[in-house]
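Participant: The following comprises the amino acid sequence and a computationally predicted model.
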Amino acid sequence: MKLKTWLLAGASVLASTAHACAMPTTLGSLVISTLMTVGLGSLLPAASAAYIGAQTLILAASVASTVANFIGGRAPTAKPEALKQTTRGQEGPGRYATGRVLLAAKIGFGNTSGYNIHRLLLHCFGEMDGAEEYFYDGRPITVEADGQVSSPPFAKPGGSNLYIRTKVGDGTETSFPQLQTDFPTKWTADHRVRGIAQSLLTFINPGTGDDRFATLLTGGVKEASILSRQGKFYDPRDASTRWTLNGPLQIAHWWARLPGWQTSMLDLSDIGDRADDADVNVTTLTGTAPRSQLSGGWEGPLTTDIVLDMLESAGMEVVPSAEKFTLRWLEDNPTSELTYYDRHIIDRVFQSGPEGAKRPNICKLHYFSPERRYEMAEIDLTNAPWAKVQGEIDKYGEQEFPVKLPFCCDASQAQRIARRLFWMARADFGTVKTTFAGIAAWGKRTITVEVPDVGSGYGSIFVKCRKGPIRVNDEEGTCEIPVTIIPAELQTPWNAATMEVPAPPVLEAFEYESTLNKPAAPSIGAVVQLSDLSYQTRSKFTGVTGGVTAEASYRTYSGGLPNLPLGMTEYQGITANTWFAWVVGDARSKADFRVRFFDADDETSYFSDWHSEDPLAVDNTAPSAPQVTVTPTGSPTNGADIDAYFTDLHAVKLVIEHNYDGGGWTGTTYDNEIPEVLRSISIGPFINGSSPPVTKAVQIRVTAYTSDGTAGAQFTDSVSIPSTGGP
């Protein structure tokens, strides 16, 4: 039985088992009855004087019709980049996503209330495991936990002009209170849109009289998108359900949701073993990566063709396992499971692969590329030695063999799969007719066939073949086995160093008009504990020429996965071209830091690369000595100014002390300090009873301390200061 026949078998809709991490059962109630019974006309957005141009008016007839079409879409599309397109009030199929994807949205509702401009964005069917980054108008932005966008130019004192609030689509959604407040007659607590990952974008119009208006709203409200971890998948190895890029686990999840299939039909124990294989790091051109990872998405209902695309993108096939089905790797050069000798064989009919003029001689490869911002992208195989047969190209011209792997998200994995597909498409094939001994090949995938009289000295050779379904002729007592001979090129093990070519170059998020250079990654990150026992996370980085405003962000990790980047408070240090950022909160265990700069016109650089601190722990090593300047004051001199700061990221306290003529130490303590913030004290005038004034020594010492009170190296100095004399 062919694979597609297996996957199409049955007619009943899947009834998921309890441990299979089913799609939310709330999908059946996605269209709330209240939503559906409201008249379409009452949901039409009314034009507002504060609205920004007719071109931004959402043309959705109603939330009800948009959500209904999102759910009840018809024909699926095979282009995963469709998930990055925003549609406005347009009927069409719903969206599904798996793995790591960049999601735009279908706009389900839009209207204006006063200065508040709202967009309800329907990203895809849930469940979203987490958002890793937000983008507005193609530019990365920092979205705080309350939805506030803290990136320039949106941030303002006490808030922001832009908010993006996201719900993960796990079926527990409640109605957005902002919509209930602004549209009390159109939006109620029943408008929940459950089971769909969604965001509410709220733009607060500053008004045409505000200088920020042109910067913020020229051209209207722009598109927003999310880099998302999508889906949660059952893992039979530990009976957990979580997000993963693991190829076999994702395939099993979607396979079991095809009509006519259910989880009980899958050999989950064996699929767990394949999941172990998929997690093993293999050598790549740039290091190592897990053997099989999947990401991608589609529009329209889940179909057999979607699962077949996943199988090919993972390099796997479906095979029977006892009374169930499981997954197996499609190896380049699999181990033979059975040998047929000449005594078993009645006849052999072999022929070369496609004739020369039609035989593919150059491979073209497209895959779901993170480097190209999660779109189908081509890998340039010009320098891949396996990807073309130059002699045939010279003789017949290029005969392309296109390989499209819409769910393969790794360039190395894509090339390993493409090599096998390309050379098997060129391979010799035929039929082996045997006695009933051929029945022994039932369930086998790879066999070896003896071919006599063609080897050295008219001996035999043995060819390894992939076999097709056996045809048994009971009347003749024979079996016919279709075979494809595994080419010698695939019997050479894959060598990443010589066979793999680089992935496409990374496409930056946006081609900014600014001439600012991309900043270097922050040089260090730290976490400290303050005197009230709270924590503070810090970062240090270097400025760029022309940069007047910095935006630093950091992200922590949960379960080994990055959380959403959060903003920090930035400031410029005293040292030339040195900047710092801090935020209240505990980012211990692991954290990443990055930065970008804005010029005087609010044009921005790219974000720097991430700098990782793993582990990020409170550091109580003794800090270095503070930087101190002592300046005599008065005319004539009768005192001094002491200016001091520390540079260490892990220091939290600065103490400035002085001692006049051995009379004891006095000073000032600055708790909960941050690096390179100048502190100044003045000492003097000093009075003693002698006349005329007497010059005496003043000892000065300045010390920085860590979270647990560990003192660093001291700055010490001694200055001579005359007393004022007198009684």
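Facilitator: In hand now; what should we look at?
Participant: what residues does stretch 614-625 touch?
Facilitator: Applying Cβ atoms under 8 Å, 6 or more residues apart in numbering, the contact partners of stretch 614-625 are 525-529, 535, 537, 587-591, 646-648, 650-651, 702, 704-708, 710-715. Just so you know, the C-beta spots here come from the backbone N, C-alpha and C atoms, and that holds for glycine as well.
Participant: How about stretch 481-498?
Facilitator: Applying Cβ under 8 Å, 6+ apart, the external contacts of stretch 481-498 come out as 282-285, 332-334, 350, 385-386, 412, 416, 419-420, 423-424, 426-434, 438, 441, 446-447, 449, 463-471.
Participant: Residue 277: how many residues sit nearby?
Facilitator: 16 (other Cβ atoms under 10 Å).
Participant: residue ranges of the helices in the chain, please?
Facilitator: Using DSSP state H, the helices of the chain run over residues 3-8, 33-37, 63-71, 177-182, 213-217, 247-255, 268-279, 304-314, 390-396, 411-425, 496-499.
Participant: Now do the third one, average pLDDT.
Facilitator: Read that as helix 63-71. Helix 63-71 shows a mean pLDDT of 51 in the predicted model.
Participant: cool, the fifth one as well?
Facilitator: Per-region confidence: helix 213-217 scores 89 on mean pLDDT.
Participant: what's the spacing between it and its chain's center?
Facilitator: Between the centre of helix 213-217 and the centre of its chain there are 30 Å (Cα atoms, centre = their mean, to the nearest Å).
Participant: Alpha carbons of that helix, as CSV, please.
Facilitator: The C-alpha trace of helix 213-217 is given here as CSV (Å, rounded to 0.1, in the frame of the first residue of the first chain):
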residue,chain,number,x,y,z
PHE,A,213,2.5,63.1,14.3
ALA,A,214,4.4,63.0,11.0
THR,A,215,7.0,60.6,12.3
LEU,A,216,4.6,58.2,13.8
LEU,A,217,1.6,58.1,11.4
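Participant: contacting residues for residue 180?
Facilitator: Counted by Cβ under 8 Å, 6+ apart, residue 180 has contacts 187-189, 191.
Participant: of all these, which two lie farthest apart?
Facilitator: 187 and 189 (8.9 Å; Cβ to Cβ).
Participant: More neighbours: which of these two?
Facilitator: Higher neighbour count among residue 187 and residue 189: residue 187, with 24 against 11, using other Cβ under 10 Å.
Participant: from what I can see that one touches residue 193, true?
Facilitator: No - taking contacts as Cβ atoms under 8 Å, residue 187 lies outside contact range of residue 193: 10.8 Å.
Participant: What residues does the residue lying closest to residue 255 once chain neighbours are set aside make contact with?
Facilitator: Nearest non-adjacent residue to residue 255, counting by Cβ to Cβ, 6 or more residues apart in numbering: residue 307, 5.3 Å away. Applying Cβ under 8 Å, 6+ apart to residue 307 gives the contacts 7, 251, 254-255, 258.
Participant: List buried residues within the contacts of stretch 481-498.
Facilitator: 284-285, 332-333, 386, 412, 416, 419-420, 423-424, 426-427, 429-430, 432-434, 438, 441, 446-447, 449, 463-467, 470 (16 or more other Cβ atoms under 10 Å).
Participant: out of these, which are inside strands?
Facilitator: 284, 429-430, 432-434, 446-447, 449, 463-467 (DSSP state E).
Participant: before we move on, back to that, joint contacts of residue 187 and residue 189?
Facilitator: What both residue 187 and residue 189 touch, as defined by Cβ under 8 Å, 6+ apart, is the set 175, 180.
Participant: Number of residues surrounding residue 520?
Facilitator: 14.
Participant: Over to the one 3 residues further on?
Facilitator: The number of residues packed around residue 523, counting by other Cβ under 10 Å, is 13.
Participant: for it, what are its contacts?
Facilitator: Here residue 523 is in contact with 540-542, 611 (Cβ under 8 Å, 6+ apart).
Participant: Can you tell me which of those residues has the largest number of neighbours?
Facilitator: residue 541 leads the contacts of residue 523 on contacts (other Cβ under 10 Å) with 27 neighbours.
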